[in-house]
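> coordinates for the following, if possible.
(one chain, ligands or ions: 1)
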Amino acid sequence: MLKMNAVSTSYGPVPMLRQVSLHVGEGEMVCLLGPNGAGKSTTFNALCGLLPLDGGTVEIAGRNLQEVGPERLASLGVGFVPEGRRLFPTLTVRDNLRLAFDAARNPDLSFSDQLQKMAKLFPRIEERLGQGAGTMSGGEQAMVALARALIGNPRLVVMDEPSLGLSPKLISEYFEIVARIRDEGKAVLLIEQNAETALSIAERGYLLVRGQVAISGTSAEMVKNDTIRHLYL
Ligand SMILES: Nc1ncnc2c1ncn2[C@@H]1O[C@H](COP(=O)(O)OP(=O)(O)OP(=O)(O)O)[C@@H](O)[C@H]1O
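The predicted model follows:
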């Protein structure tokens, strides 16, 4: 579903990602771990097509991102949860979801059916559809951001630190929903600082340090790795 091949990026003259390669197969859940400033959000932006690449390629659903353009990613079956949610705060929850649904341009889906699915997954959303997204609590906004990524029925969901700022109780509720999404067969790339949570639900992982992949492997291998154990668990 997703392949980053030797991707390098920079901010002006400062190199950031250096030859980053990672992949996520169909229906697979993979996490990208790393400390603050490692380049996790830069990786997210590179694979959304929001950053020019100095080198390498990004392939999504078999298509080269540079040829497709970021505006068509939703219609290729990709849903994104950006860091900080980035909802449209002055629009209602329904309109936030509608925008994402329309961007997916999937003629086989109906908005009302998809809304019903989201209401089952996130019971609190149904009663809040007419509410301004910016007036909701942080936890509710996190759920809306995830529903927005799912409403077009994507095959791949990419999440950038989705649990940031949530209470421990909400984090466990949130990841229960993420595990259900994985169980439905969607591919997930979970970008997380919380290595313990991420490795407990992902099948494989990558550790990014100073813009480079330092360690990668199955979650079982990552959990046993001394560096990861000492620094991140
Ligand atoms: N637009 C930008 N212009 C210049 N430097 C940037 C820009 N965005 C990020 N950086 C720098 O690039 C480095 C990596 O940032 P990035 O946000 O990708 O890290 P991160 O791993 O997501 O960290 P965090 O967990 O703190 O979000 C940091 O040193 C950051 O200051």
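
> next, the buried residues of the lengthiest helix in the chain.
Ordering each helix of the chain by length in residues (DSSP state H) puts helix 168-183 first. Residues of helix 168-183 classed as buried under the neighbour-count rule (16 or more other C-beta atoms under 10 Å) are Leu170, Ile171, Glu173, Tyr174, Phe175, Ile177, Val178, Ile181, Arg182. For the C-beta atoms, the positions are set from N, CA and C on the backbone; glycine is no exception.

> what of stretch 198-213?
198-199, 201-209, 211, 213.

> flag every residue of the chain that's near the ligand.
With C-beta under 6 Å from any ligand atom as the criterion, the chain meets the ligand at residues Tyr11, Met16, Gly34, Asn36, Gly37, Ala38, Gly39, Lys40, Ser41, Thr42, Gln193.

> what helices or strands is the worst-scoring helix or strand of the chain on mean pLDDT leaning on?
The least trusted helix or strand in the chain, going by mean pLDDT, DSSP states H and E, turns out to be helix 123-126, with a mean of 83. Judged by 3 or more C-beta pairs under 8 Å, 6 or more residues apart in numbering; DSSP states H and E, helix 123-126 is in contact with helix 111-121, helix 138-150.

> list the contacts of that helix.
With C-beta atoms under 8 Å, 6 or more residues apart in numbering as the test, helix 123-126 has contacts from Val93, Met118, Ala119, Glu140, Met143, Val144, Ala147.

> closest one of the buried residues of helix 168-183 to the ligand?
The nearest member of the buried residues of helix 168-183 to the ligand, counting by C-beta to the nearest ligand atom, is Ile171 at 15.8 Å.

> got a PyMOL select line for the buried ones in the contacts of helix 123-126?
Applying 16+ other C-beta under 10 Å to the contacts of helix 123-126 leaves a buried subset, and the PyMOL line that selects it is:
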select buried, resi 93+118+140+143+144+147
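
> which of the helices and strands packed on helix 123-126 sits most buried?
Across the helices and strands packed on helix 123-126, the average number of neighbours (mean count of other C-beta atoms under 10 Å) peaks for helix 138-150, which reaches a mean of 22.

> give the next helix or strand downstream of that one.
strand 156-160 (DSSP states H and E).

> just the angle between that next one and helix 138-150, please?
Between strand 156-160 and helix 138-150, the angle comes out at 150 degrees (axes from the mean of the first three to the mean of the last three C-alpha atoms, to 10 degrees).

> adjacent strands (with direction) for strand 156-160?
strand 78-81 (parallel), strand 187-192 (parallel) (DSSP bridges).

> for the ligand, see how far away the residue positioned nearest the centre of the chain is.
Nearest to the geometric centre of the chain sits Met159, at 1.6 Å (C-alpha atoms, centre = their mean). Distance of Met159 to the ligand, computed by C-beta to the nearest ligand atom, to the nearest Å: 12 Å.

> that residue and Leu190 touch, don't they?
Yes. At 5.3 Å, Met159 counts as touching Leu190 under the criterion of C-beta atoms under 8 Å.

> between the two, which contacts overlap?
With C-beta under 8 Å, 6+ apart as the test, Met159 and Leu190 both reach Val178.

> measure Ile191 to Leu47 for me?
Using C-beta to C-beta, to the nearest Å, Ile191 is found at 10 Å from Leu47.

> overlap in contacts, those two.
Here Ile191 and Leu47 have Val158 as joint contacts, going by C-beta under 8 Å, 6+ apart.

> those two: which has the busier surroundings?
Neighbour count, other C-beta atoms under 10 Å: between Ile191 and Leu47, Leu47 has more, with 27 against 24.

> returning to what we had before: quick check, nearest of the buried residues of stretch 198-213 to Asp113?
Ile201 (27.4 Å; C-beta to C-beta).
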